[in-house]
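In: Sequence first, then the predicted structure:
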Number of protein chains: 2
Amino acid sequence: MPTFLDERQPLYLRIRDDLAARIAAGEWRPGDAIPAEDALAEHHGVALGTVRKAIDELVRAGMIERRQGRGSFVRRSDFGNAMLRFFRHTDAQGRPLLPSASLLERRVEQAPPEIAAALGLAAGAPILMLFRLRSNQGEPILAEDIALPLPRFEALADWPADEFGDLLYPFYEKVCGAIVARARERISFGYAQPRLAAPLGLDPGAPIVVIERTALGYDAAPLEWRRSYGAAERFSYTIDIQ
Amino acid sequence: MPTFLDERQPLYLRIRDDLAARIAAGEWRPGDAIPAEDALAEHHGVALGTVRKAIDELVRAGMIERRQGRGSFVRRSDFGNAMLRFFRHTDAQGRPLLPSASLLERRVEQAPPEIAAALGLAAGAPILMLFRLRSNQGEPILAEDIALPLPRFEALADWPADEFGDLLYPFYEKVCGAIVARARERISFGYAQPRLAAPLGLDPGAPIVVIERTALGYDAAPLEWRRSYGAAERFSYTIDIQ
DNA sequence: TAGTGGTCTAGACCACCGT
DNA sequence: CGGTGGTCTAGACCACTAG
């Protein structure tokens, strides 16, 4: 029988929070099955329907996936290529292309105030800065400034650049045990400075879209800050609203 | 006892579809209360929990709002000012401003292919085109091309222009009985043609954001097409992703 | 076949709302 | 106070998955 956090909360919310905390603590990792509903019901001393309602909440929050007949699994958030949804590129058959990535710069810095604030660090705290270019068949699509807090991501400072791979988030998980669960993105518009125009193959001053992202873990702690840049003319994004 | 649509569907989905169809048919309008859960349970010959699950679905879909102790109500989708979430303007105290609208042009046309397709009409079908400017304290924020199918919106063709009001959707509902329930928007970037630059107070060729929207009724039928334009430099949009 | 989630029932009591 | 939605129980049976 687990200890409950807030006696005033309904049972199903307390169970939801208990499960969420155990996922955040790493008791189950993405892809793992959580215990069966009847086991959880017995463990928490509640009816099955109450556990189902708790899991419903976590499914809505994107933390858990149900698979009938198999179990309920911690969801692996898969937005390694999410930035590309703004700059969709398809091959001749209309299938989406996964761009390759190349690491252009890597250095240790003191976090400027804006990045420090986004990462929840003190200004001047040490960070690892990456500058990355993503391209499709040699054609540049996106440039990215990426900031990672140190010493959390120390291992990446000396890791061979050619082993970084096209998708960083699985790489963070493998090398540093850091699991990205969700993110907040802000889209705005600007003009390409020469530093960006050159690798993107644009004229200096060309209009670009700027996508700023803070990626968070299951415990809502900031893990990564990045700012991505792409040609404004190729930007397109669709939303459904109610 | 109502007739059910698809015997293979679970009960709660059939009840959800029945309620959704009755809302789409106008049996209850936005703001109206739907029958109490126990009444619906008896009416459909099912247990209370089954009706609750059906209503849960409609709440998730944004069609219904629950209010404890009062009832469940058809939701009035309120995105009259949703376009402004991309161009947030606040007063000195940080409160959002509701811009005023002025109708600059109004004419009956034959729908060009793109607009006809979006509205589900044959190319060349008659539409009412509006051109509108939205401003804050005299400062232009957004220009909008709006297309409405005829004869559905016939009443607006001759309605006094100064009675259109700042928000069109409540106006459509009042004058034409057309209720907008949801919409799909596509954001892209472009450059201001003189026709747009002048009213927006921009230089011709200035970068602009283009937001194309198709607004739908509860029955998913297209009601309105619009394309909104604003200065790219003032654009900002935040999204949470999982 | 055993184990999982999915649907459904028929209750009970609580929390909130308006009169 | 009566009526509403919100929580919770203790079952039953079904549908799907894997070995």
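Out: Here it is on my side, so go on.

In: In terms of pLDDT, where does the residue lying closest to residue A:79 once chain neighbours are set aside sit?
Out: Distances taken as Cβ to Cβ, 6 or more residues apart in numbering or on different chains place residue B:241 nearest to residue A:79, at 5.8 Å, with adjacent residues excluded. All C-beta atoms are positioned from the backbone trio N, CA, C, and that covers glycine. Per-residue pLDDT puts residue B:241 at 91.

In: Could you do residue A:6 as well?
Out: 64.

In: Distance check, whichever residue of chain A sits closest to DNA strand D against residue A:174.
Out: In chain A, the residue that lies nearest DNA strand D is residue A:69 (2.4 Å; Cβ to the nearest atom of the strand). Going from residue A:69 to residue A:174 by Cβ to Cβ, to the nearest Å gives 30 Å.

In: who has more neighbours, these two?
Out: Using other Cβ atoms under 10 Å in any protein chain shown, the more surrounded residue of residue A:69 and residue A:174 is residue A:174, with 11 against 4.

In: Tell me which other helices or strands the one helix or strand the more buried one maps to touches.
Out: If you go by DSSP states H and E, residue A:174 is part of helix A:168-176. Judged by 3 or more Cβ pairs under 8 Å, 6 or more residues apart in numbering or on different chains; DSSP states H and E, helix A:168-176 is in contact with helix A:155-158, strand A:222-231.

In: Single out the most deeply packed of those.
Out: Ranked by mean neighbour count, the helices and strands packed on helix A:168-176 are led by strand A:222-231 with a mean of 22 (mean count of other Cβ atoms under 10 Å in any protein chain shown).

In: Could you export it as PDB, CA atoms only?
Out: Extracted in PDB, the C-alpha atoms of strand A:222-231 (Å, rounded to 0.1, in the frame of the first residue of the first chain):
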ATOM      1  CA  PRO A 222      14.500  21.100 -18.800                       C
ATOM      2  CA  LEU A 223      17.000  18.900 -20.600                       C
ATOM      3  CA  GLU A 224      17.800  20.700 -23.800                       C
ATOM      4  CA  TRP A 225      17.400  24.100 -25.400                       C
ATOM      5  CA  ARG A 226      17.500  24.500 -29.200                       C
ATOM      6  CA  ARG A 227      16.900  27.100 -31.800                       C
ATOM      7  CA  SER A 228      16.300  25.900 -35.300                       C
ATOM      8  CA  TYR A 229      16.400  28.000 -38.500                       C
ATOM      9  CA  GLY A 230      14.900  27.300 -41.900                       C
ATOM     10  CA  ALA A 231      14.000  29.200 -45.000                       C
END
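
In: right, and the helix or strand after it?
Out: strand A:236-241.

In: buried stuff in that next one?
Out: residue A:237 (16 or more other Cβ atoms under 10 Å in any protein chain shown).

In: Stretch A:30-43 too?
Out: For stretch A:30-43, by 16+ other Cβ under 10 Å, it's A:30, A:34, A:37, A:40, A:41.

In: so how far is the first residue of it from its last?
Out: 22 Å (Cα to Cα, to the nearest Å).

In: That stretch and DNA strand C, any residue contact?
Out: Yes: using Cβ under 7 Å from any atom of the strand, stretch A:30-43 comes into contact with DNA strand C via A:33, A:34, A:36, A:37, A:38, A:39.

In: Go through the residues you listed and name the one nearest chain B.
Out: residue A:37 (16.3 Å; Cβ to the nearest Cβ).

In: how close does the closest one get to residue A:21?
Out: 18 Å.

In: Which residues of chain A lie near DNA strand C?
Out: A:33-34, A:36-39, A:48-49, A:52, A:66-72.

In: who touches residue A:130 in this structure?
Out: Going by Cβ atoms under 8 Å, 6 or more residues apart in numbering or on different chains, residue A:130 touches A:103, A:105, A:106, A:144, A:145, A:146, A:147, A:148, A:156.

In: possible to save these as a markdown table with pLDDT?
Out: Shown next, in a markdown table, are the contacts of residue A:130 (pLDDT from 0 to 100):
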| residue | pLDDT |
| --- | --- |
| A:103 | 95 |
| A:105 | 96 |
| A:106 | 97 |
| A:144 | 96 |
| A:145 | 98 |
| A:146 | 98 |
| A:147 | 98 |
| A:148 | 98 |
| A:156 | 96 |
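
In: From those residues, which land in helices?
Out: residue A:156 (DSSP state H).

In: Output the contacts of residue A:130 in a markdown table; the columns should cover distance to residue A:76.
Out: Listed next are these as a markdown table, based on distance: Cβ to Cβ, whole Å:
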| residue | distance to residue A:76 |
| --- | --- |
| A:103 | 24 |
| A:105 | 29 |
| A:106 | 26 |
| A:144 | 21 |
| A:145 | 25 |
| A:146 | 20 |
| A:147 | 23 |
| A:148 | 20 |
| A:156 | 20 |
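
In: where do the helices sit along chain A?
Out: Going by DSSP H, chain A shows helices at A:11-24, A:37-44, A:48-60, A:113-119, A:155-158, A:168-176, A:194-200.

In: on that earlier part again, next up, the contacts around the residue nearest to residue A:79.
Out: A:79, A:82, A:182, A:183, A:184, A:185.

In: Same check on residue A:132?
Out: Contacts of residue A:132 (Cβ under 8 Å, 6+ apart): A:101, A:102, A:103, A:104, A:143, A:144, A:146.

In: Residue A:221 too?
Out: Contacts of residue A:221 (Cβ under 8 Å, 6+ apart): residue A:120.

In: hmm, try it at 10 Å
Out: Residues near residue A:221 by Cβ atoms under 10 Å, 6 or more residues apart in numbering or on different chains: A:24, A:119, A:120, A:149, A:152, A:178, A:181.

In: do residue A:184 as well
Out: Here residue A:184 is in contact with A:118, A:212, A:213, A:214, A:215, A:216, A:222, B:238, B:239, B:240, B:241 (Cβ under 10 Å, 6+ apart).

In: got a pLDDT number for the residue lying closest to residue A:193 once chain neighbours are set aside?
Out: Spatial nearest neighbour of residue A:193, excluding adjacent residues (Cβ to Cβ, 6+ apart): residue A:204 at 7.0 Å. Looking at residue A:204, its pLDDT reads 96.

In: same deal with the one 3 residues further on?
Out: At residue A:207 the predicted local distance difference test score is 97.

In: I'd like to know how many residues surround the residue nearest to it when sequence neighbours are not counted.
Out: Spatially, and ignoring its direct neighbours in sequence, residue A:207 is nearest to residue A:232 (3.9 Å; Cβ to Cβ, 6+ apart). By other Cβ under 10 Å, 23 other residues sit near residue A:232.

In: hang on, residue A:232 packs against residue A:192?
Out: Yes: counting by Cβ atoms under 10 Å, residue A:232 does reach residue A:192; the two are 9.2 Å apart.

In: so what's residue A:224 up against?
Out: Counting by Cβ under 10 Å, 6+ apart, residue A:224 touches A:118-119, A:130, A:146-149, A:152-153, A:168-169, A:172, A:178, A:180, A:183, A:213-217.

In: how does it look with 7 Å?
Out: A:146, A:148, A:180, A:215 (Cβ atoms under 7 Å, 6 or more residues apart in numbering or on different chains).

In: repeat for residue A:23
Out: With Cβ under 7 Å, 6+ apart, residue A:23 has these contacts: A:63, A:74, A:218.
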